[in-house]
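Visitor: got a sequence here, can you model it:
(chains A and B)
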Number of protein chains: 2
Amino acid sequence: MFENDMKRKMASAIAKVHRAIEKGNGHTILSTGMTGDDARMAKAVVDAGVTMLEPNHPALALARGHKGVTSMHDAEQIRYEITVDQMAEATQGVRNVVGNDVYITVGIPGGFTEVVPIILEEKDFLNMALHGADGLHTHKSSLRDLEALVKMAHKYGLLVDAYIGLPTDLHTFGISAETPEDVKKVARQMEDIGTDMIGMMTGMSYEGVKSGQIHPLVKERLCAMVEEVSVPTLAEGGINLTNYKAFHDTKVNILVIGTAIDKMAEKAIQDAVRQFMFS
Amino acid sequence: MFENDMKRKMASAIAKVHRAIEKGNGHTILSTGMTGDDARMAKAVVDAGVTMLEPNHPALALARGHKGVTSMHDAEQIRYEITVDQMAEATQGVRNVVGNDVYITVGIPGGFTEVVPIILEEKDFLNMALHGADGLHTHKSSLRDLEALVKMAHKYGLLVDAYIGLPTDLHTFGISAETPEDVKKVARQMEDIGTDMIGMMTGMSYEGVKSGQIHPLVKERLCAMVEEVSVPTLAEGGINLTNYKAFHDTKVNILVIGTAIDKMAEKAIQDAVRQFMFS
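Guide: Numbers count the residues shown, from 1 in each chain, chains lettered A, B, ... in the order given. Next up is the predicted model:
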């Protein structure tokens, strides 16, 4: 209805992303996992310099012990049972403590490639926009589904980050593209339909990758994507303290990091309680 | 209605506490803060050997960014706005991932000394008992209020841990007792009305306490309480990696630890993101 208000909202949101990237001389991180949905952890990483956060529905399933899941693999199977209202509440809580200068992109049920029919309605986009989301973190599997999502998101002033995957990926977290040429083609199409940030799924494992390196095939795909598009770029999956510098070499702008941070938090508290109990 | 069922439930719950204390040769910890209400963190500490957990309403206010609070001090002012339903949901999530052998005691609105009138009804106790709570972690300020709470809790098979404080404490987290003699008298009364575990608030600060020690006045009070009662005993407040061994010397059974663990988790993730972003 009030189109220009939403254009201004989106302009302000993408400006946060550009500021984050500039602050890191071309690189920043999108902090997810427990730092995305627990207000205490989100505040802690923002205090340490993080300016991009990502709450998402599978992580919230883990946070809330939904159906007793304790691994991300199991959480992905039941993530669609987390509601948009729960994501909105978690997002608002994080927004409350980190302020307005932090970019928040949210994974919601229906925004990923789900295994049951999930209907996203206009009220769901409105709900997220009213509860502190700057954008939606999405993993749709076709351009057509992505286009429908982008259109609705933009209507409510939300940006969209979307991803490219491999046809052989065990779980589908993006639009398929096999060769670097395919990657360029798909990335171009994603940009053309208005996707605000474009990412590559990089978690697939290959044999023979040395510690601290990225497999040549991943690097090739990532470089092809980065070269092709003018919007900010992301890499998601398998990024840790041993290999993140190799990701920087590809000139990708944003590293999505969740598991690596969660593991360090878990190790710290485990060390702490072991000292209290057994030393 | 079915009294003996609830007696059995309570017997099974206190057996968990005794097992925890025996496993640690007389000492264990009650892990709270983010390890009490975030299923990921709760699972992590249980995997490391913890068998007693405490979700509570002020910590949940911080977890959910309620009203934007970011300090425990501020959370205490608005903790009563967290609902029993929210505590039940958080408790059930933790229970789902840690299994039935872990003792879970829960702080709920109305169970602490609140600054607005909070009515706890029978359905609230039932709600907690049905959502995985073994007991209630309470901080009432009079024997009479505590007795009413214990009676209702026991009706629904929930144990109660309650605390003794100083009349001069900045925030009221227990029943007042000044001298060691007062402490013994109050502790005796608490046990007589059926309190299942009795604790001492030890967070009050005194000048001149050396690192790794407890102030003599705190130690004296704690020892008086431990000597007097036959139920399991707790110490809560100001316990950290430098002084916990001094607490063991008092023979108190259970150290309630939240802030010290949270701080270590926060430091670990801050170190992690700083490396990813700035190294």
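Visitor: and the contacts of whichever strand or helix holds residue A:151?
Guide: Using DSSP states H and E, residue A:151 falls within helix A:143-155. Helix A:143-155 is contacted from outside by A:6, A:10, A:111, A:120, A:122, A:125, A:135-136, A:138, A:140, A:159-160, A:162, A:175, A:186, A:189-190, A:193-196, using CB atoms under 8 Å, 6 or more residues apart in numbering or on different chains. (Each C-beta comes from the backbone N, C-alpha and C, glycine too.)
Visitor: can you show me the CA trace of that helix as CSV?
Guide: The C-alpha atoms that make up helix A:143-155 are tabulated as CSV, following Å, rounded to 0.1, in the frame of the first residue of the first chain:
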residue,chain,number,x,y,z
LEU,A,143,13.9,-19.7,-8.9
ARG,A,144,10.1,-19.7,-9.2
ASP,A,145,9.5,-20.3,-5.4
LEU,A,146,12.3,-17.8,-4.6
GLU,A,147,10.7,-15.2,-6.9
ALA,A,148,7.3,-15.6,-5.1
LEU,A,149,9.0,-15.2,-1.8
VAL,A,150,11.1,-12.1,-2.8
LYS,A,151,8.0,-10.4,-4.1
MET,A,152,6.0,-10.9,-0.9
ALA,A,153,9.0,-10.0,1.3
HIS,A,154,9.7,-6.8,-0.6
LYS,A,155,6.0,-5.8,-0.2
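Visitor: show me how far stretch A:108-118 is from its chain's centre.
Guide: Distance, stretch centre to chain centre, for stretch A:108-118: 15 Å (CA atoms, centre = their mean, to the nearest Å).
Visitor: pull the CA atoms of it into PDB?
Guide: In PDB, the C-alpha atoms belonging to stretch A:108-118 read as follows (Å, rounded to 0.1, in the frame of the first residue of the first chain):
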ATOM      1  CA  ILE A 108      11.200 -19.000   9.100                       C
ATOM      2  CA  PRO A 109       9.200 -22.200   8.400                       C
ATOM      3  CA  GLY A 110       8.300 -22.100   4.700                       C
ATOM      4  CA  GLY A 111      11.400 -20.000   3.900                       C
ATOM      5  CA  PHE A 112      13.500 -23.100   3.600                       C
ATOM      6  CA  THR A 113      12.800 -26.100   1.300                       C
ATOM      7  CA  GLU A 114      10.300 -27.900   3.600                       C
ATOM      8  CA  VAL A 115       9.200 -31.500   3.600                       C
ATOM      9  CA  VAL A 116       5.500 -30.700   4.400                       C
ATOM     10  CA  PRO A 117       3.300 -28.100   2.700                       C
ATOM     11  CA  ILE A 118       3.900 -24.800   4.600                       C
END
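Visitor: so which residues make contact with that stretch?
Guide: Residues outside stretch A:108-118 that contact it (CB under 8 Å, 6+ apart) are A:56-58, A:77, A:79-84, A:87, A:119-120, A:124, A:128, A:136-141, A:149, A:172-173.
Visitor: so where do the strands sit in chain A?
Guide: Taking DSSP state E as the criterion, chain A carries its strands at A:28-31, A:52-53, A:103-106, A:135-137, A:159-165, A:175-176, A:197-201, A:233-236, A:254-257.
Visitor: which strands and helices lie in contact with the fourth one?
Guide: Under the contact criterion of 3 or more CB pairs under 8 Å, 6 or more residues apart in numbering or on different chains; DSSP states H and E, strand A:135-137 touches strand A:103-106, helix A:143-155, strand A:159-165.
Visitor: swap in 10 Å and give it another go.
Guide: Where contact means 3 or more CB pairs under 10 Å, 6 or more residues apart in numbering or on different chains; DSSP states H and E, strand A:135-137 is packed against helix A:3-23, strand A:103-106, helix A:122-130, helix A:143-155, strand A:159-165, strand A:197-201.
Visitor: repeat for the second one
Guide: Contact partners of strand A:52-53 among helices and strands, from 3+ CB pairs under 10 Å, 6+ apart: helix A:3-23, strand A:28-31, helix A:34-37, helix A:39-47, helix A:84-98, strand A:103-106.
Visitor: the inter-axis angle of the longest one versus strand A:197-201?
Guide: Going by axes from the mean of the first three to the mean of the last three CA atoms, to 10 degrees, helix A:3-23 is angled at 50 degrees with respect to strand A:197-201.
Visitor: ok, helix A:3-23 near chain B or not?
Guide: Yes: using CB under 10 Å from any CB of the partner chain, we find that helix A:3-23 touches chain B at A:20, A:23.
Visitor: returning to what we had before: filter the contacts of stretch A:108-118 to the buried ones?
Guide: Neighbour-count burial (16 or more other CB atoms under 10 Å in any protein chain shown) is assigned, among those, to A:56-58, A:79-80, A:82, A:84, A:87, A:120, A:124, A:128, A:136-141, A:149, A:172-173.
Visitor: include mean pLDDT when you put the strands of chain A into a markdown table, please.
Guide: As requested, the strands of chain A are exported to a markdown table (pLDDT from 0 to 100):
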| stretch | mean pLDDT |
| --- | --- |
| strand A:28-31 | 98 |
| strand A:52-53 | 98 |
| strand A:103-106 | 98 |
| strand A:135-137 | 98 |
| strand A:159-165 | 98 |
| strand A:175-176 | 96 |
| strand A:197-201 | 97 |
| strand A:233-236 | 98 |
| strand A:254-257 | 97 |
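Visitor: can you list these in CSV and add distance to residue A:72?
Guide: Converted to CSV, the strands of chain A look like this (distance: least, CB to CB, whole Å):
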stretch, distance to residue A:72
strand A:28-31, 16
strand A:52-53, 18
strand A:103-106, 17
strand A:135-137, 15
strand A:159-165, 16
strand A:175-176, 21
strand A:197-201, 14
strand A:233-236, 13
strand A:254-257, 13
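Visitor: closest to residue A:226 out of the ones you listed?
Guide: Counting by CB to CB, residue A:226 lies closest to strand A:233-236 out of the strands of chain A; the figure is 5.0 Å.
Visitor: thanks again, I'm all set now.
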